[in-house]
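# Please work out how this folds:
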Amino acid sequence: MTTDEKILYKTRVLEVCSRQLLKTTENLKREMDDCQQMANDYGPPKDRYDAFRSQMLRKRDFFAEQMSKANQELAIISSIKPQDIKKKVEFGAFVMTEKQNYFVAASIGKIALGDDSFFCISPAVPLFKVLSGLKAGDTAKFNDNTITIKDIF
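Model (predicted):
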């Protein structure tokens, strides 16, 4: 892959990750609103141990926490510049291996990009700790599997 192709590919990866996180935040916002609406429709607390209303408000708060985390991950993704081509496995690197591809940014999970797929992983996961600092052509052992790095950008 040429440098221009790598920049274009990384730009597409960042766009897909951003869209995924925006979709997640929209879904979480809708769930929060639904929980709040159900609590409101139920009316004022019947007594101080009103279980249904409390449950709805707890669920709303749970979704709010998840939304906050998704917004933090979106900020992390937004901070990555596709023109910054990496030479070793580090934050912001797209890592191509023989079996699987990884994007080191945030814990989003498996992402499809056309016919390709990759895992968007956080620098906090054990796999990153094993691969960190390695360069193209290097190998590493993780969970009894040998990982050979084909390319990094």
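# Pull out the buried residues from the helix or strand hosting residue 65.
In the assignment (DSSP states H and E), residue 65 maps to helix 51-78. By neighbour count with 16 or more other Cβ atoms under 10 Å, helix 51-78 contains the buried residues 53, 56, 59-60, 63-64, 66-67, 69-70, 73-74, 76-77. The way it works is simple: take the backbone N, C-alpha and C, and place the C-beta from them, glycine included.
# what does stretch 23-34 give?
24, 25, 28, 31, 32.
# Which strands or helices does the top helix by length along the chain pack on?
Criterion DSSP state H: the longest helix present in the chain is helix 3-42. Packing partners of helix 3-42 (3 or more Cβ pairs under 8 Å, 6 or more residues apart in numbering; DSSP states H and E): helix 51-78, strand 94-97, strand 109-113.
# Describe which strands the second one pairs with in its sheet and in which direction.
Taking DSSP bridges as the criterion, strand 94-97 forms sheet pairs with strand 101-104 (antiparallel), strand 145-152 (antiparallel).
# Can I get the ones you listed in JSON lines including mean pLDDT and mean neighbour count?
Shown next, in JSON lines, are these (pLDDT from 0 to 100; neighbours: other Cβ atoms under 10 Å):
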{"stretch": "strand 101-104", "mean pLDDT": "96", "mean neighbour count": "22"}
{"stretch": "strand 145-152", "mean pLDDT": "95", "mean neighbour count": "15"}
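# Which one of the ones you listed lies nearest to residue 5?
strand 145-152 (11.0 Å; Cβ to Cβ).
# Show me what that closest one is in contact with.
1, 86-89, 93-99, 130-131, 134-141 (Cβ atoms under 8 Å, 6 or more residues apart in numbering).
# now do 7 Å
The contact list for strand 145-152, computed with Cβ atoms under 7 Å, 6 or more residues apart in numbering, reads 1, 86-89, 93, 95-98, 131, 134-140.
# Give me the domain ranges for this protein.
3-78, 94-152 (automatic domain parsing).
# Poorly predicted segments of the chain, please.
Within the chain, the segments meeting pLDDT under 70 span 45, 48.
# mind checking the backbone torsions on the most centrally placed residue in it?
The residue lying closest to the centre of the chain (Cα atoms, centre = their mean) is residue 108, at 2.1 Å. Phi and psi for residue 108, reported as degrees, to the nearest 10, are phi -100, psi -30.
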